[in-house]
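Visitor: Quick one: sequence plus predicted model below, questions after.
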Amino acid sequence: MLAKKILYYCILCYCYIILFFLMQNFDRSTAKMVAHTVTEILWKIITKISKLICNCMEK
């Protein structure tokens, strides 16, 4: 359940970043690259936080 929510928010974030960069007149490849990088960083942060939460709940 939590993983689905995290994935949903990452996809949403990815789409918003692409839209933002396309509105700023960046070319598509740059927008996709930036969105991919930011989403990847967010994914790593969120997974680390969720692992910490799971570890705390188990104790």
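Guide: Yes, it's here. Numbering: from 1, shown residues only.

Visitor: Every contact and neighbour count from this point should use C-alpha atoms.
Guide: Noted.

Visitor: for the record, mean pLDDT for stretch 48-55?
Guide: Averaged across stretch 48-55, pLDDT comes to 78.

Visitor: got the CA positions of that stretch in PDB?
Guide: The C-alpha trace of stretch 48-55 is given here as PDB (Å, rounded to 0.1, in the frame of the first residue of the first chain):
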ATOM      1  CA  LYS A  48      15.200   5.400   2.900                       C
ATOM      2  CA  ILE A  49      12.600   7.200   4.900                       C
ATOM      3  CA  SER A  50      10.100   4.400   4.500                       C
ATOM      4  CA  LYS A  51      12.700   1.800   5.500                       C
ATOM      5  CA  LEU A  52      13.400   3.800   8.600                       C
ATOM      6  CA  ILE A  53       9.700   4.100   9.500                       C
ATOM      7  CA  CYS A  54       9.200   0.300   8.900                       C
ATOM      8  CA  ASN A  55      12.200  -0.500  11.200                       C
END
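
Visitor: Quick one: distance of the one helix or strand in the chain whose mean pLDDT sits lowest to the chain centre.
Guide: Using mean pLDDT, DSSP states H and E, the weakest-scoring helix or strand in the chain turns out to be helix 2-23, at a mean of 75. With CA atoms, centre = their mean, to the nearest Å as the basis, helix 2-23 stands 6 Å off its chain's centre.

Visitor: For it, which outside residues touch it?
Guide: Helix 2-23 has contacts (CA atoms under 8 Å, 6 or more residues apart in numbering) with 28, 31, 32, 34, 35, 36, 38, 39, 42, 43, 46.
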